[in-house]
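In: based on what follows, work out the 3D shape:
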Amino acid sequence: MKDEWPSSTPEFNALDYSIGSILEAKACAKALKTVESLKCALIKAWDEIPLETLRKVIDDFPKRLNACIEAQGGYFE
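Out: Numbers count the residues shown, from 1 in each chain. Coordinates of the predicted model:
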C-alpha cells in the first residue's frame, strides 16, 4: 500500500507553519474569557499582519515544496 500524506499536513498549510504562530502570539497575549473575545482578538490580529508578511509566506511556499521533495517526503524544517 502506498504511503500518502494526510489531507491536512502542517508542512503545506501556511496557517499552520507560519501565520498561525503570528495569530496565536498576538491574539493570545492576554487571557480571553469567551469564544467571542477570542474571535474578536483573532480578527484584530489578522488585520494587523502586514501584507508584506503574507506575501513572504506565499512566496516561500515553493521552497517548502522543494524541501519536501528533497527530503523524499520525510522530515524537513
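In: which elements pack onto the longest helix seen in the chain?
Out: Once the chain is assigned using DSSP state H, the helix that runs over the most residues is helix 51-70. Here helix 51-70 touches helix 14, going by 3 or more Cβ pairs under 8 Å, 6 or more residues apart in numbering; DSSP states H and E. Yep, even glycine has a C-beta here, placed from its N, CA and C like the rest.
In: re earlier: so what's the gap between the longest helix of the chain and the chain middle?
Out: 11 Å (Cα atoms, centre = their mean, to the nearest Å).
In: got the CA positions of it in CSV?
Out: What follows is helix 51-70 as a C-alpha-only set of coordinates in CSV (Å, rounded to 0.1, in the frame of the first residue of the first chain):
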residue,chain,number,x,y,z
LEU,A,51,0.6,42.5,3.7
GLU,A,52,4.3,42.0,3.1
THR,A,53,4.4,39.2,5.7
LEU,A,54,1.5,37.4,3.9
ARG,A,55,3.3,37.8,0.6
LYS,A,56,6.5,36.4,2.0
VAL,A,57,4.7,33.3,3.3
ILE,A,58,3.2,32.8,-0.1
ASP,A,59,6.5,33.4,-1.9
ASP,A,60,8.3,30.9,0.4
PHE,A,61,5.8,28.1,-0.3
PRO,A,62,7.6,26.7,-3.3
LYS,A,63,10.7,26.4,-1.2
ARG,A,64,8.7,24.3,1.3
LEU,A,65,7.6,22.0,-1.6
ASN,A,66,11.2,21.6,-2.8
ALA,A,67,12.4,20.8,0.7
CYS,A,68,9.8,18.1,0.9
ILE,A,69,10.8,16.7,-2.4
GLU,A,70,14.5,16.7,-1.4
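In: for the helix or strand in which residue 20 is found, what is the average pLDDT?
Out: Assessed by DSSP states H and E, residue 20 sits inside helix 20-27. On average, the pLDDT along helix 20-27 is 90.
In: what comes up buried for stretch 47-59?
Out: Within stretch 47-59, the residues that count as buried by 16 or more other Cβ atoms under 10 Å are residue 57.
In: what about this structure, any weak spots by pLDDT?
Out: 1-17, 76-77 (pLDDT under 70).
In: try 50
Out: Scanning the chain for pLDDT under 50 picks out the ranges 1-2, 6-7.
In: that'll do, ta.
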